[in-house]
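In: I would like the atomic coordinates for the input below:
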Amino acid sequence: MTAKTRPSVYSIAAHRGFADALVAGLIPRYREDTFGLARLTLLLPSQRAVRGLTEAFIRASGGGLLLPRMAVVGDLDLDETLGALLDPLGGGAVAPPACDPVLRLLRIAEILREELAALGIERGEAGLLRQARSLAQSLDRLAAEEVAPEQLLTIDMLPELAEHWQDSLRLFARVQVRWQFELDERGQVDAPVRRNLLLAHAAQSWRANPPPGPVIAAGVTSAAPAIARLLRTVADLPQGAVVLPDLDLALEAEVWDALGQAGASEEPGGPPFGRGDQVTHPQYHLKLLLHRMGLAREEVRPWHRAGIAAAPPARSRAISNLFLPPEASTAWVKLPAADRRLAGVRLMHSAHPEEEAQAIAVLVREGLAVPERRVAVVTPDRALAQRVIAHLGRWNIAADDTAGRPLPQTVAGRLLLQLAQAWAERAAPVALLALLGHPLVMAGEPRAGWLERVRQLDFVLRGPRPGPGLEPIRDAVRAKEKRFPGLSAWWDEVELLLAPLLAGHDALPLAATLTLLAEMAEALCGPALWANADGRCLAQFVEQWRDAAAQAGEQTGGLPVDPAQVPALLRDAMDEVSVRPPYGGHPRLAIYGLLEARMSRADLVICAGMTEGTWPAAPAPDPLLAPAVLRTLGIPGADFRIGLAAHDLAAMLGAPEVVLSFAERDAAGPAIPSRFLLRIRAMLGEDGVVWEQEAVNLAQALDAAPQAPAYPRPRPMPSPQQRRVDIAVTALDRLRSDPYQFYASAILGLRSLDPRDADPTPAWRGTAVHEILEEWHKIGAPPGELVPLAERKLAEMSAHPFMRSLWRPRLTAALAWIEAEQERLLDEGRAVAAFECWGDTTVDGIRIFGRADRIDRLPDGTLAVVDYKTGTPPSGRMVQEGFALQLGLIGLIAQAGGFKDKQGRVTVEGEPTRFEYWSLARNRERGFGYCEEPILEGRKKSGIPREDFLPETRRFLAEAIARWILGNEPFVARLNPDLPSYADYDQLMRLEEWQGRGGNAE
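Out: The predicted model follows:
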């Protein structure tokens, strides 16, 4: 066989469609009546490329076809895939085995922990693994570029770096050396090193003994040195060829040179990358690849076959001009129209991601309505992809995101994280209820009853967070047993189920932690947890991490993990796992990420999420190695990925019809259109841009609704029978200030629910104070016992220790004042006559009821009504105007002898003459705790005179009864909008829809 005179390297232009054009050239050349294509070996960049090329062969075959052997260049089992083609004599392993990636991560984390401890730095397990993951990625990057550890140690620029970069470099070098020593002891290598060894062996073997069949490397654009050498070997084989995607052969030589050095030093031993290199250009990485292959662009030949979804040839010229470097882009003003026309390319502008997803769904539906038309949505924004999939469900179009969903976002993945969260937060209500209400928990026939109990538990746990662990929840459930019969027995079963996980909070080895979580998950869900794709993926994740943790723990004593660190640790690890959907979506629709879209083709391509930070993604610099260090080592910088994103877009622009979509806003705020879109608009000019407006209009019209009329201020008019309700002493103020709130609470019987894990509200603090003082009075109010009693009661109350700790100092100071004030009053002859007692009376046929915090008997036989306040008491003006009448109403009940014991005997009776607020709030002059009367006397300018206090209260009460309870006045919402009011019923009255918008007119 004669040797080649020149290497066989080809390029398929963007407008031809790479996969289909490649197949269109391979089938007529290699297909024979017997096994022609089956003797062909294709080296491809990814498994997704294998799938895409397989589909292209099926489309082009027109009948039965034996497919060629396809191997992924970066496959760690490349030697097994190629088999005898690589090693015809079966000489055994050609490279040491690769270390398990999870074991590697855990061991690097342990080495990192030891190194940081030597520096006096401590980190939690989750943070330590994050740093170890970054360090491992940097190690992989160096290995892919074949940078040996000793090269890092010989860098002579250390004094020029900032101090933090010097520290990072030293830490990185120490960890790298220690890890390499451990690998040598294990007889293993890192995955990139094994890949390099396999590629080097393949190149060496094929140079010495060319394979008998044809070998073609197609679509490989990685410029890693080992891959570049293998591609050069393939190009030199007698029956070998390399086919590159979208290498611009028409780019002028001056522009090609302006891209920079791209790995070719200007002088021997010089840096391979110059500061002026155009690393963000879509051709830069291909130039780097050619240089590392030892080829010039002139040696690359065009591939003359086209695919079945090819665009006009003029498209490639326009794409080439679109991405000209900044200096060369001045030629845009002189370009003829034919060289910058992007016929078939439209831009679509939306207001926000939801509208963008809806408009894309409209375009997809229209595209699929055309027979045999293929549609692809390409976006790096997975959230946007999920929105599109959801909107397509409107028309029963099943779509799958081929980029997959992160494991934590799947049903099975969320369950494991919710278990970890409940454990970390020690059965806090939000985490516990989320776990018990998970869709997989108790699925099947018993689920309806299970969910009913979970709802009851939800009601019980509302309010401030109970203490940590299961015991406070058990106490709270038993306290509500009368309201929810059977809930206590149900909770006992749940507690028994959860006890292995939630009863303890000690650190466990990572392997034991994963085993415990997996066992708890199966106990809650049964085998159905592992049945679907996400469950199987979760099982593989747990198994891999558990085995690696057990193996790593043999050297470190078990890798103990604090439960508080487990949720973050698991989420970080699970985020790296994608759950790919099984087959079953629409056969002519695909939703891709950027990697998955390479080598794919469709008649309509919609590039979505084209904003800065998304496409292209924001550059992520190496957190451990300074950019100057990377340049010295010959490693491209962070901006290199922008060029890859530009190359991906250039490939997408080669489709027959393209829509480039972006939104003005994203979830974080205003968004900036992608720099690539700005280039298109600059090159075409505003008159040359074709905008896709119809899909946006349809998307807006789909959810458009006629504007609702202005909602008027609510003025309910219940019937006379509905109006006749009892009035609580605390409700009269609400009736007079905001009748609608009284209507909602007293007539409709609606009560607002406290949120879960709520901060202690004033109402909760008031309840706590009343319980403490009631207990104190029950034991005779002994001196010196109130504050210790408060300490004990606070420890028993349903509130998180952190909240109790914040409130305790203020409460104990105020209670100390109450105790001192009580002793002073006793010395003056004033005694407690009643406390926390219920009473009622009738006024105009309406029952008035309420509870007195405390009533004292004065030395002259009259009564003092005391109301405890944890905050600032109502002002004298509020009382004077009839909007704070609780003291007066309690006085009326006492005056009428309405406070009685269970046997009906009057417990306290007399004429109230003092009306006191005992506030636990801070007074500027006296500290915490003070007494105040809303009586108009002395220098006060507001209040009610003492002798008129009860008559005025009765007058306000009678007026309210006559107007709303016995009369026919409407219960107007916010009748007195300037008064302070509770917000419990604002949503019910739709306050925001009418207040200040013309709907509040009488």
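
In: Can you point out the buried residues in the helix or strand where Arg170 lies?
Out: Using DSSP states H and E, Arg170 falls within helix 163-186. Neighbour-count burial for helix 163-186 flags 165, 168-169, 171-173, 175-176, 178-180, 182-183 (criterion: 16 or more other Cβ atoms under 10 Å). Glycine gets a C-beta too; all of them are placed from N, C-alpha and C.

In: packing partners for that helix?
Out: Under the contact definition 3 or more Cβ pairs under 8 Å, 6 or more residues apart in numbering; DSSP states H and E, helix 163-186 sits against helix 101-118, helix 125-144, helix 149-153.

In: Export the ones you listed to TSV and append columns for distance to Glu576.
Out: Output for the helices and strands packed on helix 163-186, formatted as TSV (distance: least, Cβ to Cβ, whole Å):
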stretch	distance to Glu576
helix 101-118	9
helix 125-144	8
helix 149-153	25
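
In: Of these, give the one that comes closest to Ala602.
Out: Distance to Ala602, taken as Cβ to Cβ, is lowest for helix 125-144 among the helices and strands packed on helix 163-186, at 31.3 Å.

In: Quick one: list the elements packing against the helix or strand harbouring Glu543.
Out: Using DSSP H and E, Glu543 maps to helix 533-556. Judged by 3+ Cβ pairs under 8 Å, 6+ apart, helix 533-556 is in contact with helix 101-118, helix 411-424, helix 510-525, helix 566-574, strand 578-579.

In: hey, which of those is tucked in deepest?
Out: Greatest average neighbour count among those goes to helix 411-424 (a mean of 23), per mean count of other Cβ atoms under 10 Å.

In: That one vs helix 510-525, what angle?
Out: 110 degrees (axes from the mean of the first three to the mean of the last three Cα atoms, to 10 degrees).

In: quick one on the thing from earlier: out of the helices and strands packed on helix 163-186, which is closest to Leu950?
Out: Nearest to Leu950, of all the helices and strands packed on helix 163-186, is helix 125-144, at 64.3 Å by Cβ to Cβ.

In: Flag every buried residue along that closest one.
Out: Residues 125-126, 128-133, 135-136, 138-144 are the ones in helix 125-144 that count as buried (16+ other Cβ under 10 Å).

In: For the helix holding Arg170, which outside residues touch it?
Out: Applying Cβ atoms under 8 Å, 6 or more residues apart in numbering, the contact partners of helix 163-186 are 99, 104, 107-108, 111-112, 115-116, 119, 135, 138-139, 149, 152-153, 155, 158, 161, 189-190, 623-626, 629.

In: if we go to 6 Å?
Out: Helix 163-186 is contacted by residues Ile108, Ile111, Leu112, Glu115, Pro149, Leu152, Leu153, Leu158, Leu624, Ala626 when judged by Cβ atoms under 6 Å, 6 or more residues apart in numbering.

In: quick one: contacts of the one helix or strand Ala699 maps to?
Out: According to DSSP H and E, Ala699 maps onto helix 694-702. Contact with helix 694-702 is made by Ser350, Glu355, Gln358, Ala359, Val362, Leu363, as judged by Cβ under 6 Å, 6+ apart.

In: And the furthest pair within those?
Out: The span of those, defined through Cβ to Cβ, is set by Glu355 and Leu363 at 12.8 Å.

In: More neighbours: the two, which one.
Out: The neighbour comparison of Glu355 against Leu363 (other Cβ atoms under 10 Å) goes to Leu363, with 26 against 19.

In: Just give the closest residue to the more buried one, not the sequence neighbours.
Out: Spatial nearest neighbour of Leu363, excluding adjacent residues (Cβ to Cβ, 6 or more residues apart in numbering): Ala695 at 4.9 Å.

In: what's the distance between the one you found and Glu356?
Out: According to Cβ to Cβ, to the nearest Å, Ala695 and Glu356 sit 10 Å apart.

In: higher neighbour count, those two?
Out: Glu356 (31 against 24).

In: counting contacts, what elements does the helix or strand containing the more buried one pack onto?
Out: Following DSSP H and E, one finds Glu356 within helix 353-368. When contacts are defined as 3 or more Cβ pairs under 6 Å, 6 or more residues apart in numbering; DSSP states H and E, helix 353-368 packs onto strand 375-378, helix 382-392, strand 604-607, strand 657-663, helix 694-702.

In: OK, contacts around the closest residue to Thr410 other than its chain neighbours?
Out: Computed as Cβ to Cβ, 6+ apart, the closest residue to Thr410 that is not its neighbour in sequence is Asp534, at 3.6 Å. In this structure, Asp534 makes contact with Thr410, Val411, Ala412, Val579, judged by Cβ under 6 Å, 6+ apart.

In: what's across from Pro560 in the sheet?
Out: On the basis of DSSP bridges, Pro560 is bridged to Pro509.

In: re the thing from before, just the angle for the following helix or strand past the helix holding Arg170 relative to helix 163-186, thanks.
Out: For helix 163-186, the following helix or strand on the C-terminal side (DSSP H and E) is helix 191-208. The directions of helix 191-208 and helix 163-186 differ by 60 degrees, with the same axes, to 10 degrees as the criterion.

In: Send me helix 191-208 as CSV with only the CA atoms.
Out: These are the backbone C-alpha positions of helix 191-208, laid out as CSV (Å, rounded to 0.1, in the frame of the first residue of the first chain):
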residue,chain,number,x,y,z
ALA,A,191,-8.7,9.3,34.5
PRO,A,192,-7.2,11.9,32.2
VAL,A,193,-3.8,10.3,32.6
ARG,A,194,-5.2,6.9,31.6
ARG,A,195,-7.0,8.5,28.7
ASN,A,196,-3.7,10.1,27.5
LEU,A,197,-1.9,6.7,27.8
LEU,A,198,-4.6,5.0,25.8
LEU,A,199,-4.5,7.6,23.1
ALA,A,200,-0.7,7.6,23.0
HIS,A,201,-0.7,3.8,22.7
ALA,A,202,-3.3,3.9,19.9
ALA,A,203,-1.2,6.5,18.0
GLN,A,204,2.1,4.5,18.5
SER,A,205,0.5,1.2,17.6
TRP,A,206,-1.2,2.5,14.4
ARG,A,207,2.0,4.3,13.3
ALA,A,208,3.9,1.0,13.6
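
In: roughly how far out does it sit from the chain middle?
Out: On the basis of Cα atoms, centre = their mean, to the nearest Å, helix 191-208 is displaced by 41 Å from the centre of the chain it belongs to.

In: pLDDT score assigned to Ala834?
Out: Looking at Ala834, its pLDDT stands at 90.

In: er, Leu677 actually
Out: For Leu677, the model assigns a pLDDT of 94.

In: What strand or helix carries it?
Out: Per DSSP H and E: Leu677 is located in helix 675-684.

In: got a list of contacts for that helix?
Out: Residues from elsewhere that reach helix 675-684 (Cβ under 6 Å, 6+ apart): Leu322, Trp332, Arg340, Met610, Leu649, Val689.

In: List the buried residues in that helix.
Out: Along helix 675-684, these residues count as buried under the neighbour rule (16+ other Cβ under 10 Å): Arg675, Phe676, Leu677, Arg679, Ile680, Met683, Leu684.

In: Can you pick out the most distant pair from the contacts of helix 675-684?
Out: Using Cβ to Cβ, the contacts of helix 675-684 reach their maximum pairwise distance at Trp332 and Met610, which is 20.2 Å.

In: Between the two, which is the more surrounded one?
Out: With neighbours defined as other Cβ under 10 Å, Trp332 and Met610 compare such that Met610 has more, 27 against 17.

In: circling back: out of the contacts of Asp534, flag the one nearest to Leu67.
Out: Relative to Leu67, the closest of the contacts of Asp534 is Val579; by Cβ to Cβ it sits at 27.4 Å.

In: That closest one and Leu457, how far apart?
Out: As judged by Cβ to Cβ, Val579 and Leu457 stand 31 Å apart.
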